[in-house]
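Enquirer: Everything below, folded, please.
(2 chains, ligands or ions: 2)
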Protein chains: 2
Amino acid sequence: MRGVGPVFESYVDYRSSLSFIGTILTRLALAPATVLLVALYYGEPIRPFVVTSLVMVVLGFGLERLREDRELGRREALLMVSLTWLAVPLVGTIPYLVAGQGTLADPVNALFESMSGFTTTGSTVMGTISVDYHSHSILLWRQLTQWIGGMGIIVLMVAILSELSVGGAQVMNEEAPGFSIEKLTPRIQETARALWSIYAGFTVTAAVVFYVLGATGYAPNMDLYNAVAHALTTMPTGGFSPEARSVEAFSPVIQWAVMPFMLIAGTNFALFWYALNGEPRRLTGNREFRAYVLAVAAVGGLLAVLLYTGLGLADVPTNIAVLPGNLENSLRQALFQSLAIVTTTGYASMDFNTWGESAQLVLLFAMFLGGSAGSAAGSIKIVRWYVVQKTMTRELFTTVHPDAVRPIRMAEGPVDEETIQGIFVFVMVFITLFGVSSVLLFLDGLRTGMDLSAMEATSAAIATLGNIGPGFGVVGPMNSFEPFSDAAKLYMVFLMWIGRLEILSVLVIFTPNFWQR
Amino acid sequence: MRGVGPVFESYVDYRSSLSFIGTILTRLALAPATVLLVALYYGEPIRPFVVTSLVMVVLGFGLERLREDRELGRREALLMVSLTWLAVPLVGTIPYLVAGQGTLADPVNALFESMSGFTTTGSTVMGTISVDYHSHSILLWRQLTQWIGGMGIIVLMVAILSELSVGGAQVMNEEAPGFSIEKLTPRIQETARALWSIYAGFTVTAAVVFYVLGATGYAPNMDLYNAVAHALTTMPTGGFSPEARSVEAFSPVIQWAVMPFMLIAGTNFALFWYALNGEPRRLTGNREFRAYVLAVAAVGGLLAVLLYTGLGLADVPTNIAVLPGNLENSLRQALFQSLAIVTTTGYASMDFNTWGESAQLVLLFAMFLGGSAGSAAGSIKIVRWYVVQKTMTRELFTTVHPDAVRPIRMAEGPVDEETIQGIFVFVMVFITLFGVSSVLLFLDGLRTGMDLSAMEATSAAIATLGNIGPGFGVVGPMNSFEPFSDAAKLYMVFLMWIGRLEILSVLVIFTPNFWQR
Ligand SMILES: [K+]
Ligand SMILES: [K+]
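Expert: Ligands and ions are numbered 1, 2, ... in the order given. Prediction:
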């Protein structure tokens, strides 16, 4: 009945996907509007946020109108997810570009920083990070992109990707029984609301704890702005800090205080829902939760030994005042960095560029672990390693007993063999992509005369693909990704994007059969 | 009805396993007896080989008598395989220990060199390698261990492990249809004889080609001894050379001549059987063979660009005479090293320690490829990567079409889903073991003040686990594993052992359920 034929006709109803993205954009307009109030408070320019709000509303309404009777099938949902994490970071560059402060005035840098924010990666291309140099409002926008991105990803994982069975993601729902769209809450919106309130609750708690510690003299430079900024980037395992030296800028008390919140941020939020509803055993008895705590403790313990004995320090003289031999300091740095890396938050309590290769190697391997499913943590994630390890053990058993049938069990019962294959495929794709990306970044460094070491290139690849943030050397926790070429930055934007969305759900839209009947 | 009860009673009939090992040892006594003749020719001490022959015969007959009515079940076969590759290398140390020449007089070094030989790894702990310093006969023994080990592993893979379905090894038979015990030749002995003659034929051909090139003046220092020595270590993808500078010691013509034999050595020998029996298309059309040739070409092409342009050279001044800019030399070094690493032979046509990190990174990744199944090549092997890649592609398809059924096809038809899982498990176990071993070797280097770089530790782990031979830096192709501690050497003996036997078939004997009903 259409009068004029559409420009591009496809089997996939991409107009429905775009229409939903429109709705998301209109809702998101609230975020720059909030930052606008902060800008007013500090007497800073409000134009960046006015423009962004307007673009979001206008673009959002425009997209929303593409389809009246919109409906999401499997492919439309996959397309919507991929495009959302592309459209939102693109619109999210507007505050940086309009404000035009420092390195972020460059479009490629602005896109890198925005993608790093919304994917909760935390890698930065800013030069000098300081409220003396950048406005409070722009830095707050940067923190807020992580908070929004983190919440988005939790809802996405629990409510959408696990339903679409992408790369074995269904196991994430199996481990949180009942907490799926059909059973617990009939609609995505209710699931989202439940998770949202838990997430917001922990964020407020963190901000209050940090602020009170500052106000009572335990951390002189922890003011309200800093307390909120760090709460906003802890819960999404984000890692952006308005301080150039990250959490090292604060007292040891604050460093200890951040740790439990990182631990929470890397836990499956659905389990907190049960714990808060009178079923704490569902949290403490959960297989993935236990494996996660064990992983944090193991990495932390190994680092503590390396730091306390000095074996893990490259540069003993400059650190001699605190490390090695100081037990509290060794434990604090080791546990903080273990949590920061395993949960993929990426904060730093000291510059681990001064650590030796042994301790850095431990960190590098820990970067492949990832936190729990159902959190905003990136990388491979503990639940996948759990299934991989169980399957390896089973393979040893069936080598002896070839006819034995031994299902892998999770909270809700045996795991589907197809899910297991999906998990193995995901892990292999992740590792392969990491390897290829390391070589590509290294070669680009050669091409541009950046003179990257293999360790630096490798760490940049996993830091962005795993949504972790910092790496080693030139991309260390107190450094910046700014020296990379534009090509390398755009490639890492791509890595952050697909890493955030479990890789396969993005790759699939590049296959021809996605668009055919 | 036994008069005296056995010391150790088990559900596994380990006496049958040991009895078969006894038979193998008695047959092997022929090897030192042959070297004895060479020692007589050169007027060198014959005691090392007399003692070894005697020990093999006596120990062999002793073990053989442990069980009269021996029969190999599944577990007995697995036990036999693991213990064979432990017992033979142990007995194989006797010539080194009795001769007492240089570093090999030390028992740990002797075991390392012997295990490296029989597993066709080619990592060495010898100090100065030269016939001026070591006797011709001892060096020949060293080459011969690789030749024997290579033949053993080909028979093992095609005839035994693939039947036991270890880590997806059954796919190796599927790719060589009919060439299994039941179909083509009714008994293992006949399969073994067919493969043995092809293997021996290529070895003789290689020796003749090398010798003729030497005799006709194309390679002045390639005498009969060297021709035989290099033929014996090329076909098993071994890599031991009686020359300290490996194949660099010979003319470019010899370097080119070694390449086709390396290519053959990394090919499934069962395919040659078909080719020689009038079905050449079964070789040229084989999926794994094509992927293997492609891998060699891709790695070689990438290296050629890096060498020709000079981007892959760390140390341009010292190499300026030949590289960069010399097309023949760039191509020769690139293709030679690609073949040496992909087939896991481990020869060197130049010291790639002088290459830059970019070219070394390419080599490091290539070390995970491995040659074809049904050859003596180590590492993960191309056929596994082929299945992994096909399964990844399928996962992308089923993400769009969740109900589609799409079997992975090989020469003989669809691959069993259990086999696919076995392959994924193997790859993950291999990579995990590589990672853990890198860290352990690195930490041991710290402990002993060896001051290894991360790249050196990493390359030592993959060079031994993948049965490749040389790594980078201190374990470079012209260097030695001698500086490692005894603990690290014994650990690498373990890696060579389990790496050679597809890991899982050894690990399984350490599980309690292997020994229980
Ligand atoms: K992060
Ligand atoms: K080798």
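
Enquirer: Without its sequence neighbours, what residue ends up closest to residue A:516?
Expert: Once flanking residues are discounted, residue A:516 sits nearest to residue A:11: 6.0 Å by CB to CB, 6 or more residues apart in numbering or on different chains. Backbone N, C-alpha and C define where each C-beta goes, glycine included.

Enquirer: How is that neighbour assigned, secondary-structure-wise?
Expert: coil (DSSP: H, G, I helix; E, B strand; the rest coil).

Enquirer: Need the per-residue pLDDT for it.
Expert: Predicted confidence (pLDDT) for residue A:11: 79.

Enquirer: Let me see the contact set for it.
Expert: Residue A:11 makes contacts with A:515, A:516, A:517, as judged by CB atoms under 8 Å, 6 or more residues apart in numbering or on different chains.

Enquirer: The residue nearest to residue A:452 when sequence neighbours are not counted: what's it in contact with?
Expert: Of all residues not flanking residue A:452 in the chain, residue A:445 sits nearest, at 3.4 Å (CB to CB, 6+ apart). Applying CB under 8 Å, 6+ apart, we find residue A:445 in contact with A:451, A:452, A:456, A:457, A:484, A:488.

Enquirer: What strand or helix carries the fifth one?
Expert: Under DSSP states H and E, no helix or strand contains residue A:484.

Enquirer: List the contacts of it.
Expert: A:441, A:444, A:445, A:450, A:460, A:492.

Enquirer: which of those residues lies closest to chain B?
Expert: Comparing those against chain B with CB to the nearest CB picks out residue A:445 as the nearest, at 8.9 Å.

Enquirer: and the closest one, which of the three is it?
Expert: helix.

Enquirer: before we move on, the earlier item: from residue A:515, how far off is the residue nearest to residue A:516?
Expert: Look at residue A:11 and residue A:515: by CB to CB, to the nearest Å, they are 6 Å apart.

Enquirer: Which parts of the stretch 351-500 of chain A are helices?
Expert: A:357-366, A:382-400, A:417-447, A:454-465, A:486-500 (DSSP state H, counting those that start in this stretch).

Enquirer: same question, the stretch 1-150 of chain A
Expert: Going by DSSP H, counting those that start in this stretch, the stretch 1-150 of chain A shows helices at A:14-28, A:30-42, A:47-64, A:74-91, A:94-99, A:107-118, A:136-155.

Enquirer: For the ones you listed, give me a markdown table that also has distance to ligand 2 and mean pLDDT.
Expert: Output for the helices of the stretch 1-150 of chain A, formatted as a markdown table (distance: least, CB to the ion, whole Å; pLDDT from 0 to 100):
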| stretch | distance to ligand 2 | mean pLDDT |
| --- | --- | --- |
| helix A:14-28 | 52 | 90 |
| helix A:30-42 | 58 | 94 |
| helix A:47-64 | 59 | 95 |
| helix A:74-91 | 44 | 91 |
| helix A:94-99 | 53 | 95 |
| helix A:107-118 | 43 | 96 |
| helix A:136-155 | 46 | 93 |
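
Enquirer: so which of those gets nearest chain B?
Expert: Of all these, helix A:74-91 sits nearest to chain B, with 6.4 Å by CB to the nearest CB.

Enquirer: got the contact list for that closest one?
Expert: Contacts of helix A:74-91 (CB under 8 Å, 6+ apart): A:12-14, A:16-18, A:20-21, A:24-25, A:28, A:52, A:55-56, A:59, A:72, A:111, A:114-115, A:117-119, A:145, A:152, A:156, A:160-161, A:164, A:166, A:497, A:500-501, A:505-506, A:508-509, A:514, B:399-400, B:402.

Enquirer: For chain B, what is the nearest residue in the stretch 401-517 of chain A?
Expert: For the stretch 401-517 of chain A, CB to the nearest CB, closest residue to chain B: residue A:424, 3.9 Å.

Enquirer: and that residue, how many neighbours does it have?
Expert: By other CB atoms under 10 Å in any protein chain shown, 27 other residues sit near residue A:424.

Enquirer: now the one 3 residues further on
Expert: As a burial measure, the neighbour count of residue A:427 was computed by other CB under 10 Å and equals 23.

Enquirer: What of residue A:274?
Expert: By other CB under 10 Å, 20 other residues sit near residue A:274.
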